[in-house]
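Student: give the three-dimensional model of this entry:
(one chain, ligands or ions: 1)
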Amino acid sequence: MRLLVVEDEHDLADAIAEGLRQEGYAVDVAYDGETGRRKALGRPYDLVCLDLSLPRVDGREVLRALRDAGRDDGAAAQRVLVLTARDALDDRIAGLDDGADDYLVKPFEFRELTARIRALLRRRAGAAGAVVRVGDLALDDARHVARRADVDLGLTPKEFALLRYLMSRADEVISEGELLRHVWDENANPFTNTVRVTVGTLRRKLGRDGADQPLETVVGSGYRLRSSG
Ligand code: CA
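Tutor: Numbers count the residues shown, from 1 in each chain. Below you'll find the predicted structure:
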């Protein structure tokens with residue numbers, strides 16, 4: 001999953017981004033509203049974490065631009081989690097009216113931020129519980145554990161993030177470019193074979209002990225995680 005953090009307090013923005021990367025998300029950062037709007041409109045982020053009080057372009061304007069763009073091209077709108085100051089009740093109400101999916105009041109505990117992000121991404125994926133299941137695979141986002149037939153796969157954060165994305169789109173063919181956009185951040189070099197390498201190590205862990213391989217390569221198109229044999 002690929003996230004954008006729009007926050008003008010640099011220390012806070014960097015701390016949020018770093019924390020979310022450790023959770024296995026690909027994270028880009030914008031330190032003002034104008035950059036935030038440009039980045040958010042330029043890419044299909046799975047979720048935007050948006051401060052409302054921003055220099056250059058106000059957070060509410062960014063929010064409205066995202067909602068308008070979502071309506072125009074008919075694509076699923078990006079989830080937006082709004083960050084606001086404690087006393088700004090009017091802001092929060094206005095933000096929800098403008099189409100924010102949830103909000104969090106500053107200062108907040110990082111654990112609460114990640115819990116709300118997980119809930120919003122689950123809502124988007126259409127899954128109900130905290131554990132996502134595809135075939136005999138089970139992914140527990142809160143505990144960062146992926147299991148196959150109840151055996152912990154022992155994934156690295158990047159393998160976990162890749163599997164999480166593939167499970168959210170099970171049985172669909174996903175191109176390498178899409179994986180690069182959703183699972184890696186803007187610092188990833190598109191000319192390296194980082195996607196192939198991580199797919200390779202994930203496949204080895206999925207197919208351990210001769211288990212049949214659910215992650216297929218579709219030659220010339222990408223990859224598909226099968227939900228059944
Ligand atoms: Ca601010």
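
Student: for the residue nearest the centre of the chain, what are its contacts?
Tutor: Nearest residue to the geometric centre of the chain (C-alpha atoms, centre = their mean): residue 1, 2.7 Å. Neighbouring residues of residue 1 by C-beta atoms under 8 Å, 6 or more residues apart in numbering: 25, 26, 46, 47, 121, 161, 164, 165, 168, 182, 183. Any C-beta I mention is one placed from the backbone N, CA and C, and that applies to glycine too.

Student: and the second one, what is it in contact with?
Tutor: Contacts were defined as C-beta under 8 Å, 6+ apart; by that measure residue 26 touches 1, 2, 3, 161, 182, 183, 184, 185, 188.

Student: okay, and the beta partners of residue 218?
Tutor: residue 222 (DSSP bridges).

Student: that one: how many residues sit nearby?
Tutor: 11 (other C-beta atoms under 10 Å).

Student: right, and it touches residue 173 too?
Tutor: Yes - with contact defined as C-beta atoms under 8 Å, residue 218 and residue 173 form a contacting pair (4.9 Å).

Student: would you mark the buried spots in whichever strand or helix holds residue 224?
Tutor: Secondary structure assignment for residue 224, by DSSP states H and E: strand 222-225. By 16 or more other C-beta atoms under 10 Å, the buried positions in strand 222-225 come out as 222, 223, 224, 225.

Student: show me what from this protein comes close to the ion.
Tutor: 8, 51, 53 (C-beta under 5 Å from the ion).

Student: show me the shaky parts of the chain.
Tutor: 70-77, 86-87, 124-130, 229 (pLDDT under 70).

Student: tell me the domain ranges of this structure?
Tutor: Domain segmentation of the chain under the TED database yields 2-121, 131-225.

Student: how about residues contacting stretch 195-209?
Tutor: 137, 148, 153-156, 158-159, 162-163, 176, 179-180, 183-184, 213-215, 217, 223.
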